[in-house]
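Novice: Predicted model and sequence below, questions to follow.
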Amino acid sequence: MKVHFIAIGGSAMHNLAISLCKKGYHVTGSDDEIFEPSKTRLAKYDLLPENTGWNQENITPDLDSVILGMHSRGDNPELIKAKELKLKIYSYPEYLYEQTKNKTRVVIGGSHGKTTITSMIMHVLKFNGKRFDYMVGAQIDGFETMVSLSEDTSIAIFEGDEYLSSPIDPRPKFHLYKPHIALISGIAWDHINVFPSFENYKEQFRIFIEKIENGGSLYYYKDDVILRSIVKETARPVEIMAYSTHAYTKRNNKTFLVNINKEIPLKVFGKHNLQNISGAKLVCNKLGLSDDEFYMAISWFTGAANRLELLAENDYTKIYRDFAHSPSKLNATVNAVKEQFQDRKLIAVMELHTFSSLTADFLSEYAGTMDMADTAVVYYNSNVIKHKKLKPISVEQVKESFQNKNLTVFTDQKDLIEFISNHNLKNMNLLLMSSGNFSGIDLQNFAMELI
């Protein structure tokens, strides 16, 4: 099979390209910019384009498929050529479905927690020697790539992102997977640039439920009032089961699951992760794993990259990095660290970096999300706002939106670094939260320097 990737350098796209290369496909690709780690990883498999930019000569009649990434545009010259040649053009999610249409598909959706739940399921299956295809939105310990497709598997585990499929396909990605087993972790408005109202955003999850295969299963977090009401509306002929926070106890800053009379030690913590574990367990049970097999495996789960990832520690300080950027994720992450280490002060620092978080009309959604932190800090870069072609926001707007009288706001990276560095971190934890990197800070090195 000959496959060409338009915009091969993307996080998801380059992982799929590597997976198909390992599967024996002849893979080519192009892009106008490729950053690390995509660049090095593509080069390892001899998939790095010789030149940057688009070239219609890359598109030939003998291609079996063209896969179109979100980074490209509708007027891309390679896309135009592919259309002229009437080649089969797939979006990323369309191609994943095509590759797994004869397999049992598990799709994990939700505004928060979907990467972690997907990672938990993958970890448990691998721990118990089960083979499966997968796609997940973060790097996971023990898995070389974020995507894997093979011929000798019968199960596919997909993280179900609600963002758009491609520049020429405005359908949310998770509408294309048609799951046999679906899970929704919760619903909280996000992606305001695509879904301008909360009602419009909620509708995408109603559609997702309608896409579940007849006779399939739907698992959902029952304490989410909005999600519960949407699930009750469905008439789909599927098994529906709710889950809640797993029973647990804590000792000496460690969390243990409680199952009947047993305590299972965990390497992760936070109520959101205890909810994630409950959802992952339902899916794993449905796939044939016993409770004992699940609990043994989950006790060794260390988390996904950038999800409460421990960067550095000593006897009296821990420094964490987290991908939290939306209001629900931010609130859950701050609360998790504060509740886990109640004997320590918490400095929580978040960056407004996404389209939604930098939009004035959306900022009010952050009200109260950082109240559990002893020191709450928000950073944003005005140049990012200009790049996204958004209206400027002021420090006063940010403070008012978070409704936290003690909130400190920075717009200069040097001031932020100085503020953090001047703190005596003894008996304190530091939590750094962003979908970016605070305008270029090497967070791993910064953490080590602070320790």
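Specialist: Received the coordinates, thanks.
Novice: can you name the farthest residue from the center of this protein?
Specialist: Relative to the average C-alpha location in the chain, and by CA atoms, centre = their mean, no residue lies farther out than P61, which sits at 36.0 Å.
Novice: Tell me who's in contact with the residue nearest to that one when sequence neighbours are not counted.
Specialist: Distances taken as CB to CB, 6 or more residues apart in numbering place L85 nearest to P61, at 5.6 Å, with adjacent residues excluded. For glycine as for every other residue, the C-beta is placed from the backbone atoms N, C-alpha and C. Under the criterion of CB atoms under 8 Å, 6 or more residues apart in numbering, the contact partners of L85 comprise I59, T60, P61.
Novice: Looking at V194 now. What's its pLDDT?
Specialist: What the model reports as pLDDT for V194 is 88.
Novice: export stretch 211-219 as CSV, just CAs?
Specialist: Backbone C-alpha positions of stretch 211-219 (Å, rounded to 0.1, in the frame of the first residue of the first chain) are rendered in CSV as follows:
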residue,chain,number,x,y,z
LYS,A,211,-23.1,6.6,16.5
ILE,A,212,-22.6,3.7,18.9
GLU,A,213,-23.1,0.4,17.1
ASN,A,214,-26.4,-1.5,17.8
GLY,A,215,-26.0,-3.8,20.7
GLY,A,216,-23.0,-1.8,21.9
SER,A,217,-22.2,-0.4,25.4
LEU,A,218,-22.1,3.2,26.8
TYR,A,219,-20.4,4.0,30.1
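Novice: outside of that stretch, which residues touch it?
Specialist: Stretch 211-219 is contacted from outside by 175, 177-184, 209, 231, 234, 236-243, 279, 282-283, 286, using CB under 8 Å, 6+ apart.
Novice: Average pLDDT for that stretch, rounded please.
Specialist: Confidence over stretch 211-219 (mean pLDDT, whole number) is 97.
Novice: Stretch 128-146 now?
Specialist: Stretch 128-146 shows a mean pLDDT of 93 in the predicted model.
Novice: quick one, what contacts N429?
Specialist: For N429, the contacting residues are T317, K318, I319, Y320, V337, F341, R344, K345, L346, I347, by CB under 8 Å, 6+ apart.
Novice: Phi first, then psi, for the closest residue to the first one other than its chain neighbours.
Specialist: Sequence neighbours aside, L425 is the residue nearest to T317 in space, at 4.4 Å (criterion: CB to CB, 6+ apart). Dihedral angles of L425 (phi, psi; degrees, to the nearest 10) stand at phi -90, psi 10.
Novice: Now that we're looking at L425, what pLDDT does it have?
Specialist: L425 is assigned a predicted lDDT (pLDDT) of 96.
Novice: That one: neighbour count?
Specialist: For L425, the count of nearby residues is 19 (other CB atoms under 10 Å).
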